[in-house]
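In: need a 3D model of the following:
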Amino acid sequence: MHFNTRIDLIEWREGIRRPGLSGPYREAIFRISSDGMQPIEVSIFVHPAWPEDDQEKVARSFLHARLREGLQALDIYDPAELEALWRKVKPEDISIPEPSD
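Out: Coordinates of the predicted model:
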């Protein structure tokens, strides 16, 4: 059970103040979408001291680190176990095609 996933930078916001930190930050807002699932948005704050040309790359690197941390925290099933569980509970009305053997 795998879904195609896209991560798109959808907006930059300027002048964001963060409590306890000096100076305004930029906020990169990413949309994470996966076939058949509701998209989610994730905000990543980037200090403006980073070179302008590198800020998107820096934001994506921070996002990558957060997603990896989340993955490690949720690494309960290995892929084969998750697939076996899905085959047991799969609803009748699901529109995802079966993989061809």
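
In: please count neighbours and contacts with C-alpha atoms only from this point.
Out: Fine.

In: beta partners of S33?
Out: Under the criterion DSSP bridges, S33 forms beta bridges with R6.

In: can you name every helix or strand that the longest helix that the chain contains contacts?
Out: Criterion DSSP state H: the longest helix present in the chain is helix 55-73. If contacts are counted by 3 or more C-alpha pairs under 8 Å, 6 or more residues apart in numbering; DSSP states H and E, helix 55-73 sits against strand 40-46.

In: and A80, how many neighbours does it have?
Out: Around A80 there are 10 other residues, counting by other C-alpha atoms under 10 Å.

In: which ones are touching it?
Out: Applying C-alpha atoms under 8 Å, 6 or more residues apart in numbering, one finds that A80 lies in contact with no residue.

In: just R87 next, same as before
Out: R87 touches nothing, counting by C-alpha under 8 Å, 6+ apart.

In: if I look at it, how far off is N4?
Out: 19 Å (C-alpha to C-alpha, to the nearest Å).

In: so where is the protein shaky, pLDDT-wise?
Out: 1-3, 73-75, 91-101 (pLDDT under 70).
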